[in-house]
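[1] need the 3D shape of this:
(2 chains)
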Amino acid sequence: MSDYLTRNDHFVAPDADHSIGEVDAVAVSDKVSNLWLDTWRDIRKRVLFWVSAVVVLLIVIVALFPGLFTQVNPTKCVLDFSNAGPAVGHPFGYDKQGCDVFSRVIHGTNASLSVGLLTVLISTVVGVTFGALGGFYGKWIDAVLSRVGDIFFSIPYILAAVVIMSVFSQYRNVLMVAVAIGGFAWPGVARVLRSEILRVKNADFVTASTALGRSRVKTLFLHVLPNSIAPLIVLTTLSLGGAIVAEATLSFLGVGLPGTTMSWGNDISAAQSDIRTNPMTLIYPSMALTITVLAFIMLGEVLRDALDPQARAAR
Amino acid sequence: MIRYILRRLLQVIPVLLGTTFLIYYMVFAMPGDPLLTLFGDKTPNPALLEQLRAQYHLDQPFIVQYLLYLGGALRGDFGTSYSGQAVSEILARTFPVTLRLAVIAVVLELVLAVVIGLVSGLRKGKFFDNINLIISLVLLSVPIFVLAFLAQYFIGIKLGWARPTVSGSAPWSELLLPGIVLALSLYATSMRLTRASVITTMNQDFVRTAYSKGLPRRRVIPVHVLRNSLIPTITNVGTDFGVLMVGATVTEGIFNVPGVGNAVFQAIRHSQGPTVVSFVTVMVLIYVFVNLGVDLLYALLDPRIRYE
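    Numbering: from 1, shown residues only, chains lettered A, B, ... in the order given. Next up is the predicted model:
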């Protein structure tokens, strides 16, 4: 029996006397079809997917190994070069403090991406917990968790993050910023997952799982969650862009990462006063920020189109 | 309708209590003394500290402090800012400006979203539609402060078409540039909603019927298609209005618009934690009520909502 299961990916009753099992079995050579394979077949044909995937990959490499892209020390600043234009080896010129702008943009990638990933991790973990428990168990658990979600949802998360960061002004670091943003961004995740689970939990395979004697918790983890995850992946990719913007906004307001941490938001904030004399120091980190967000949003949109079978059929 | 209004009002009460409690808890139940931050690096006089502690009810248990605050808020007393002005006074002064800015932004957003979304939806998959979708993707990705700086630099400073910053009385003409920036940052989502809705409506039977009755395109498009495609857009614009009432902090700060957002922006920039918190609480209250208003308006427009 287990042999059939592994070979055919679906259950065929064991039957030694008759050859029904073989008649019933799906030919292994047939193209296997499931949501993820269909999605992959669909997106690998799309230019937008490859463009955004390559940009995202490049950004990750820049964040992990900034040394590959610039040899200039971003913190070794010479005031002689204050607001100087581009020079050989310094393509973006210098900022007010005489620091190399290109090097600062490259080295600032890490902070933005770390905050973005951590924020999304936090909001996803909290959101999935709330959404999955509420959607799957229903009744009073759902009522309580949904009301708590409503409360967090009613506070615009930038405002909430501003309050948290003002309160914890002495603990300004990547983790704290991520907690401040993610701690209020999760109701969106919870709502999406909850409605998806409500849709999935009455499906026949869930009933079958319970009927076969699996516990509720195991059913939730083995059958309901894996089948509700698609919209979550889209939301996660899209909100990564949002989280990066939120970090830059907080740093720009002066309540995000401390001024000593290199980040695009801090650099934009610092360049603000020189907008008349040296606008490029403001424009380069802004461009890096925009391109990063654009790449994640594009990837999210491609995934959304590909993961939605209805949208795929319509094309 | 009255039953619906009552039900929505009842739903708002736990949200209001929850949000105010949450913010209050975050600020006052945390380690560290909010009063000490008032003195910065200096060591305060213990007698003065005691007096302030009593004045702000900090010697009372947390829940009593919260209830006192709530009682004050119900009477319209939201506390005092650093400069000694009542938060409610500052709001009364700044709110009209924010309201005007929000009106400009929302009207521009609605017009752009409806016109461009309609044209794009009618020409699905054509050149205009594709270009439009790419532009909207870029607009979705540009952070608002980048957009604001670009507008300030190119239109305000380079071309000199508008004042880069708004003057004290904030006349309508000077609010136009920040209004355009806000509208552009919000427009992409509304335009996409209109476009998707137009595409769905175009495939409906009643549109086919209208055409086969022999009605001309100039009547079918505005009357049959557009009117039936507008509800998602209007809802979204309504929500944006709620966001603008509270969320224009960055834009107002950059253009120096003397509105609510700028008051918060200045308080944040000068690290006036408690003032920021009083403002944010009020803004959350406004946000909840504007959203309630949008919901009620929505129920008025679409009777199906009331009988859910």
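
[2] what's the end-to-end length of stretch B:45-63?
    Length of stretch B:45-63, first residue to last, Cα to Cα, to the nearest Å: 27 Å.

[3] swap in stretch A:218-234?
    Its start and end residues considered, stretch A:218-234 measures 25 Å (Cα to Cα).

[4] any idea of the pLDDT on A:Val60?
    According to the prediction, A:Val60 has pLDDT 92.

[5] typed the wrong thing, it's A:Gly89
    71.

[6] residue ranges with poor pLDDT in the stretch 151-300 of chain B?
    Along the stretch 151-300 of chain B, segments meeting pLDDT under 70 span B:246-247, B:271-274.

[7] up against chain A, what does it have?
    Along the stretch 151-300 of chain B, the residues adjacent to chain A under the rule Cβ under 8 Å from any Cβ of the partner chain are B:152-153, B:157, B:243, B:246-247, B:249-250, B:253-254, B:264-265, B:268-269, B:271, B:273, B:276-277, B:280, B:283-284, B:287-288, B:291. Just so you know, the C-beta spots here come from the backbone N, C-alpha and C atoms, and that holds for glycine as well.

[8] out of those, which are buried?
    With burial judged by 16 or more other Cβ atoms under 10 Å in any protein chain shown, the buried subset of those is B:152-153, B:243, B:246-247, B:249-250, B:253-254, B:264-265, B:268, B:273, B:276-277, B:280, B:283-284, B:287-288, B:291.

[9] rewinding a little: of the residues of the stretch 151-300 of chain B next to chain A, which belong to helices?
    Among these, the residues falling in helices (DSSP state H) are B:243, B:246-247, B:249-250, B:253-254, B:264-265, B:268-269, B:273, B:276-277, B:280, B:283-284, B:287-288, B:291.

[10] taking chain A, what residue is nearest to chain B?
    Proximity of chain A to chain B (Cβ to the nearest Cβ) peaks at A:Ile151, 3.4 Å away.

[11] which residues are in contact with that residue?
    A:Ile151 is in contact with B:14-15, B:18-19, B:22, counting by Cβ atoms under 8 Å, 6 or more residues apart in numbering or on different chains.

[12] how long is stretch B:122-133 end to end?
    First residue to last in stretch B:122-133 (Cα to Cα) measures 13 Å.

[13] list of residues touching that stretch?
    Here stretch B:122-133 makes contact (Cβ under 8 Å, 6+ apart) with B:116, B:119-121, B:191-192, B:195, B:198-199, B:202, B:221.

[14] if we use 6 Å, what do you get?
    Here stretch B:122-133 makes contact (Cβ atoms under 6 Å, 6 or more residues apart in numbering or on different chains) with B:120, B:199.

[15] quick check: buried residues in the lengthiest helix in chain B?
    Secondary structure of chain B per DSSP H: the longest helix is helix B:87-122. Buried residues in helix B:87-122, counted by 16+ other Cβ under 10 Å: B:87-88, B:90-91, B:94-95, B:97-98, B:100-102, B:104-106, B:108-110, B:112-114, B:116-122.

[16] could you pull up the mean pLDDT of that helix?
    88.

[17] and if you look at stretch A:158-172?
    In this model, stretch A:158-172 carries a mean pLDDT of 79.

[18] need the CA coordinates for it. CSV is fine.
    What follows is stretch A:158-172, C-alpha atoms only, in CSV (Å, rounded to 0.1, in the frame of the first residue of the first chain):
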residue,chain,number,x,y,z
ILE,A,158,3.2,53.5,11.1
LEU,A,159,1.6,55.5,14.0
ALA,A,160,1.9,52.5,16.3
ALA,A,161,5.5,52.0,15.4
VAL,A,162,6.2,55.6,16.0
VAL,A,163,4.7,55.3,19.5
ILE,A,164,6.7,52.1,20.3
MET,A,165,9.9,53.5,19.0
SER,A,166,9.4,56.8,21.0
VAL,A,167,8.8,54.8,24.1
PHE,A,168,11.8,52.5,23.6
SER,A,169,14.1,55.2,22.4
GLN,A,170,17.0,53.7,24.2
TYR,A,171,16.7,50.3,22.4
ARG,A,172,16.8,51.4,18.8
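
[19] tell me who's in contact with A:Val302.
    A:43, A:46, A:48-49.

[20] what's the helix or strand for it?
    helix A:280-307 (DSSP states H and E).

[21] tell me which residues in that helix are buried?
    A:280-290, A:292-307.

[22] how many neighbours does whichever residue of the stretch 1-150 of chain B sits closest to chain A have?
    Residue nearest to chain A within the stretch 1-150 of chain B: B:Gly18 (3.4 Å; Cβ to the nearest Cβ). By other Cβ atoms under 10 Å in any protein chain shown, the residues close to B:Gly18 number 17.

[23] distance of it relative to A:Val54?
    Distance, B:Gly18 to A:Val54, by Cβ to Cβ, to the nearest Å: 44 Å.

[24] repeat that for A:Leu257.
    Distance from A:Leu257 to A:Val54, counting by Cβ to Cβ: 28 Å.

[25] what number of residues lie near residue 135?
    Let's take chain A. 26.

[26] actually chain B
    B:Ile135 has 14 neighbours, counted by other Cβ under 10 Å.

[27] again with B:Thr275
    B:Thr275, neighbours per other Cβ under 10 Å, totals 24.

[28] what's near enough to touch A:Arg46?
    If you count contacts by Cβ under 6 Å, 6+ apart, then A:Arg46 has A:Val302 around it.

[29] and the next helix or strand past the longest helix anywhere in chain A?
    For chain A, the helix reaching the highest residue count under DSSP H is reported as helix A:101-137. Downstream of helix A:101-137, the first helix or strand assigned by DSSP H and E is helix A:139-153.

[30] that following helix vs helix A:101-137, what angle?
    Relative orientation of helix A:139-153 versus helix A:101-137 (axes from the mean of the first three to the mean of the last three Cα atoms, to 10 degrees): 150 degrees.

[31] and helix A:139-153, how far out from the chain's middle?
    Centroid separation for helix A:139-153 versus its chain: 24 Å, with Cα atoms, centre = their mean, to the nearest Å.

[32] which strands or helices does the strand or helix carrying B:Ile231 pack on?
    Using DSSP H and E, B:Ile231 sits in helix B:227-247. With contacts taken as 3 or more Cβ pairs under 6 Å, 6 or more residues apart in numbering or on different chains; DSSP states H and E, helix B:227-247 sits against helix B:87-122, helix B:172-202, helix B:273-301.

[33] tell me the spacing between B:Ile13 and B:Leu292.
    Counting by Cβ to Cβ, the gap from B:Ile13 to B:Leu292 is 11 Å.

[34] higher neighbour count, the two?
    When B:Ile13 and B:Leu292 are compared for neighbours, B:Leu292 comes out ahead with 17 against 9, by other Cβ under 10 Å.

[35] got the contact list for stretch A:270-282?
    Outside stretch A:270-282, the residues that reach it (Cβ under 6 Å, 6+ apart) are A:83, A:95-96, A:101, A:268, B:149, B:153, B:157.

[36] now a PyMOL select for only the buried ones of those residues.
    To isolate the buried ones among those in PyMOL, judged by 16+ other Cβ under 10 Å, type:
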select buried, (chain A and resi 83+95+96+101+268) or (chain B and resi 149+153)
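
[37] now for the contacts of stretch A:270-282: which two are most distant?
    A:Val101 and B:Ile157 (19.8 Å; Cβ to Cβ).

[38] pLDDT weak spots in the stretch 1-150 of chain B?
    B:27-42, B:56-59, B:76, B:79-84.

[39] where do the helices sit along it?
    Assigned by DSSP state H, counting those that start in this stretch, the helices in the stretch 1-150 of chain B fall at B:2-28, B:34-38, B:46-55, B:62-74, B:87-122, B:127-141, B:144-151.

[40] make JSON lines from the ones you listed and add distance to A:Ile61 to it.
    Output for these, formatted as JSON lines (distance: least, Cβ to Cβ, whole Å):
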{"stretch": "helix B:2-28", "distance to A:Ile61": "38"}
{"stretch": "helix B:34-38", "distance to A:Ile61": "42"}
{"stretch": "helix B:46-55", "distance to A:Ile61": "53"}
{"stretch": "helix B:62-74", "distance to A:Ile61": "49"}
{"stretch": "helix B:87-122", "distance to A:Ile61": "36"}
{"stretch": "helix B:127-141", "distance to A:Ile61": "20"}
{"stretch": "helix B:144-151", "distance to A:Ile61": "24"}
